[in-house]
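Trainee: return a 3D structure for these sequence lines:
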Amino acid sequence: LAAPPTTTDFSLQSTLSCIAAFIEFVSDPLVIKCLLPGDFHNLDPLLDPHSTALQKQNAITAFVSKVCPLNCTDTEIKQISERGSKIISKGCSKELEDKNPFVLAAFAGIELYPPLIKSLCLKENGTFCFIKDAITIANLPPTNFTKPFINPFADKVVFCDYRSFCVPCFQDIINTMFDVIFDPKNKDALASLITLLGILNVPITETELEQSKLFVMIKCGFKFLDNPSLNGNN
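Mentor: Below you'll find the model as predicted:
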């Protein structure tokens, strides 16, 4: 998920082929049907380093509240991702090589769109799961360590009561994402997620992501994950 390719900065810093690639992407009938590109500007806070966590959450909520009810099929969503990835990788090769943050975020978001939108559209009792999970994590009590074991935020999650963490909403989201990024057939997905999280100021390494899988199993039990193997194989 990324902001639209219509800002002045993007136009000034990008090649004509990259601008044309984004225009081609947002003009795709499937994208118009399933993504409502006219509303992409609502996602601007995701790339704004000054926006708060709540502003980012509200931006995602506004976007998915319009996109999820469209009920596009898994096949349509997969086609959007595959077509978009090819279009952007070809037209924006220079920007990707130069690590243009806007283009990197857009490319990663398009490539990961199937598991991302599936995760973001999950609901429990009428509330989006990602909102419930965000509120739960935000409200976890801080630890009383004199010195952080990892860091204050991570410590809250690692040492919280498992009943706050091991809930159906979180389980659904984790499995949706893990099933994709740890699938050996989706080697680029893991790299894209790391790139996207880094741009969103959540830096994480491949090793740390793999460790997070182990952490979830320790915290919530082996059966919490659909594919608990640590080597990516079922």
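
Trainee: mean confidence for stretch 65-78?
Mentor: Stretch 65-78 carries an average pLDDT of 94.

Trainee: now stretch 135-142
Mentor: Here stretch 135-142 scores 83 as its mean pLDDT.

Trainee: give me the residues contacting that stretch.
Mentor: Defining contact as CB atoms under 8 Å, 6 or more residues apart in numbering, one finds that stretch 135-142 is touched by 53, 152, 155, 156, 157, 160, 164, 165, 167, 170. Bear in mind the C-beta positions are built from the backbone N, C-alpha and C, glycine included.

Trainee: narrow the residues you listed to those that are buried.
Mentor: The neighbour count (16 or more other CB atoms under 10 Å) marks 155, 156, 157, 160, 165, 167, 170 as buried among those.

Trainee: okay, buried residues for the biggest helix by length in the chain please.
Mentor: When the chain is parsed with DSSP state H, its longest helix is helix 74-91. Across helix 74-91, burial judged by 16+ other CB under 10 Å covers 77, 79, 80, 81, 83, 84, 85, 87, 88, 91.

Trainee: for stretch 98-111, same thing?
Mentor: Neighbour-count burial for stretch 98-111 [16+ other CB under 10 Å]: 100, 102, 103, 104, 105, 106, 107, 108, 109, 110, 111.

Trainee: looking at those residues, which are in strands?
Mentor: Among the buried residues of stretch 98-111, none falls in strands (DSSP state E).

Trainee: is it true that residue 226 touches residue 174?
Mentor: No. In this structure residue 226 lies outside contact range of residue 174 using CB atoms under 8 Å: 9.2 Å.

Trainee: what's the pLDDT at the most centrally placed residue in the chain?
Mentor: For the chain, the residue sitting closest to the mean C-alpha position, by CA atoms, centre = their mean, is residue 116 at 5.2 Å. Note on residue 116: pLDDT of 91.

Trainee: that one contacts residue 109, correct?
Mentor: Yes. When contacts are counted by CB under 8 Å, residue 116 is listed as touching residue 109 (6.9 Å).

Trainee: make JSON lines from the contacts of stretch 135-142 and add secondary structure and distance to residue 208 to it.
Mentor: Below are the contacts of stretch 135-142 laid out as JSON lines (DSSP: H, G, I helix; E, B strand; the rest coil; distance: CB to CB, whole Å):
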{"residue": "53", "secondary structure": "helix", "distance to residue 208": "20"}
{"residue": "152", "secondary structure": "helix", "distance to residue 208": "17"}
{"residue": "155", "secondary structure": "helix", "distance to residue 208": "15"}
{"residue": "156", "secondary structure": "helix", "distance to residue 208": "17"}
{"residue": "157", "secondary structure": "helix", "distance to residue 208": "13"}
{"residue": "160", "secondary structure": "coil", "distance to residue 208": "19"}
{"residue": "164", "secondary structure": "helix", "distance to residue 208": "22"}
{"residue": "165", "secondary structure": "helix", "distance to residue 208": "18"}
{"residue": "167", "secondary structure": "coil", "distance to residue 208": "23"}
{"residue": "170", "secondary structure": "helix", "distance to residue 208": "18"}
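
Trainee: could you work out the most separated pair of those?
Mentor: Maximum pairwise distance among the contacts of stretch 135-142 (CB to CB): 22.3 Å, between 152 and 167.

Trainee: on that earlier part again, as a markdown table, the buried residues of helix 74-91 with distance to residue 140 would be great.
Mentor: Shown next, in a markdown table, are the buried residues of helix 74-91 (distance: CB to CB, whole Å):
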| residue | distance to residue 140 |
| --- | --- |
| 77 | 32 |
| 79 | 39 |
| 80 | 35 |
| 81 | 33 |
| 83 | 40 |
| 84 | 36 |
| 85 | 36 |
| 87 | 41 |
| 88 | 37 |
| 91 | 43 |
